[in-house]
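Visitor: this is the structure alone, sequence omitted:
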């Protein structure tokens, strides 16, 4: 077998996540009440929320039951601000890890940027209007194990 046949593509990350909703305007209102975001664009059936070099696509047509296990982690710079917005809106976490269900049953875990390996490049943060963010010692230790710690 040649080296060419054995080479596999390396997954580098997630570019976007698509969430099914029944009403784009209500979805933008819901997510806008919890998070500051930039609306990239909107059509009759889709809305695109920029997250720096990634995005969330909201699309019309929720077909599944509410998600009880399937979810994604939404990384934020200020988890306490999300908690305050949740309290104001009467949204409760469905567990102790700050997981919420949106009105269409999409499950989202709110994850603090400072305490996980996920790292945005300085130029992406700058483009997002975010000042450089610090990482916790445990997050830096996890990055060091992989040779990915900031210098």
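Guide: Thanks, I have the structure now. Not measured: the values here are computed from a predicted model.
Visitor: distance of the residue positioned nearest the centre of the chain from residue 34?
Guide: In the chain, the centroid-proximal residue (C-alpha atoms, centre = their mean) is residue 74; its distance is 2.7 Å. To residue 34, residue 74 is 9 Å away according to C-beta to C-beta, to the nearest Å. From N, CA and C alone the C-beta is placed, and that goes for glycine too.
Visitor: contacts only, for residue 107.
Guide: Going by C-beta atoms under 8 Å, 6 or more residues apart in numbering, residue 107 touches 66-71, 94, 99-101.
Visitor: hey, where'd the helices end up in the protein?
Guide: For the chain, helices defined by DSSP state H occupy the ranges 3-6, 24-34, 79-89, 122-127, 137-145.
Visitor: okay, those helices, which one's buried deepest?
Guide: Across the helices of the chain, averaging neighbours per residue (mean count of other C-beta atoms under 10 Å) puts helix 24-34 on top, at a mean of 16.
Visitor: ok, residues contacting that helix?
Guide: 19, 21, 37, 39, 42, 45-47, 49, 56, 58, 60, 82, 85-86, 88-89, 91, 102-104.
Visitor: please repeat the previous calculation with a cut-off of 6 Å.
Guide: With contacts defined as C-beta atoms under 6 Å, 6 or more residues apart in numbering, helix 24-34 is touched by 21, 47, 58, 82, 85, 89, 102.
Visitor: these two touch, right, the fourth one and residue 110?
Guide: Looking back up the chat, that one is residue 82. Yes: if you go by C-beta atoms under 6 Å, residue 82 and residue 110 touch, sitting 5.1 Å apart.
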